[in-house]
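**Q** Would you be able to build a 3D model of this:
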Amino acid sequence: HEPGRYILTGSSQFKLKENMTDSLAGRAAFLRLLPFSLRELKESNLVPQNPYDLIFKGFYPPLYDSEKHFIPEDWFESYIDTYLDLDVKEHITAGNISTFKKFIQICALYSGQLLSMESISKNLGVSAPTVKQWLSILESSFIIHFLEPDTNNLGRSIVKTPKLYFTDTGLLCHLLRIESKEDLLLSPHKGAVVETFAVAELLKSRYNNGKKPELTFFRDAKGFEVDTIADWKHTYAIEIKSNSDTEQKLSANTRKYVSLRNDTECRGAVFYLGDITCTINGIQYVSWHDWDNLI
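**A** Next comes the predicted model:
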């Protein structure tokens, strides 16, 4: 390293900021390191042929330790207990630990969905302000993140509620009690889990390149929706599908949004679980395996 320049790492976001922010004010840059990205696994030849094997396992580094051979189900249960003990316990009252664990499980049901604090509050039996505080804890510790609605309303009445996403699909599957790849294929949550995977990879790729995510979504009051809007050098209107074939109907909402946007810098893309990346009638169909190349 250069003289006077150091890289300090820590697994606890809360303790790291508490101990460094004041003493290094104006002299420290914080980098968000989420679980492994698809690109990192590809570079190490650790990506399986079947996307559902990858999505079910998730991306936490210990699960790829060739010497320890952790079983995902056992590792995630231990991870949650450790997370509650080290990161959460100091921020909530002791009697609420078990309730907070249930709260995480309820949040898993909302991954890829519009956030409903009122519904979570009702299901959990705690106040809305408590739900808001606990969501902040999950977000600050990178368990979840939010997509805000696109501010370009295209002259329409739009939904103004954010969407909630988990940052790791393996953890999400564990919380949803999905116990195998086969369970995932049959799960009613399959589409939401696949969407969570695609959005998380966009987020990781941006963070790993030192860039802000610049990700939103679009939904109007009539239910017309585009899963993700990536406002980068070009604007991408992205639909995320669990299909393995390139069908024109997959891009219907993307095409409509691009047309309404009427911007030459706006492009359409479809994430899907097929093996071939191609362009059909001006819309990019991007294979899950090539998803990191969209960045």
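
**Q** going on from the longest helix along the chain, what's the next piece of helix or strand?
**A** Counting by DSSP state H, the longest helix found in the chain is helix 190-208. Later in the chain than helix 190-208, the nearest helix or strand by DSSP states H and E is strand 215-219.

**Q** what about the residue nearest to Gly125 when sequence neighbours are not counted, distance to Thr161?
**A** In this structure, Gly125 finds its nearest non-sequential neighbour in Thr99, 7.9 Å apart by CB to CB, 6 or more residues apart in numbering. Just so you know, the C-beta spots here come from the backbone N, C-alpha and C atoms, and that holds for glycine as well. Separation of Thr99 from Thr161 (CB to CB, to the nearest Å): 24 Å.

**Q** three-state assignment of Ala252?
**A** Following DSSP: H, G, I helix; E, B strand; the rest coil, Ala252 is assigned to helix.

**Q** tell me the pLDDT at it?
**A** Looking at Ala252, its pLDDT is 93.

**Q** Sketch out the low-pLDDT regions of the chain for me.
**A** 1-4, 6-30, 94, 295 (pLDDT under 70).

**Q** can you give me the helices for it?
**A** Using DSSP H, the helices of the chain run over 13-20, 38-43, 51-57, 72-83, 97-108, 117-124, 128-140, 169-175, 181-186, 190-208, 252-261.

**Q** tell me the most buried of those helices?
**A** Among the helices of the chain, the stretch with the highest mean neighbour count (mean count of other CB atoms under 10 Å) is helix 169-175, at a mean of 26.

**Q** name the helices or strands packed onto that helix?
**A** Helix 169-175 sits against helix 51-57, helix 72-83, helix 97-108, helix 190-208, with contacts defined as 3 or more CB pairs under 8 Å, 6 or more residues apart in numbering; DSSP states H and E.

**Q** What lies in contact with the shortest one?
**A** The set of residues external to helix 51-57 that reach it, using CB atoms under 8 Å, 6 or more residues apart in numbering, is 38, 41, 47-48, 63, 72, 169-170, 173, 178, 180-181, 184-185, 193-194, 197, 273, 288-289.

**Q** same thing but 6 Å
**A** Here helix 51-57 makes contact (CB atoms under 6 Å, 6 or more residues apart in numbering) with Pro48, Leu63, Pro72, Thr169, Gly170, Cys173, Lys181, Leu184, Phe197, Leu273, Trp288.
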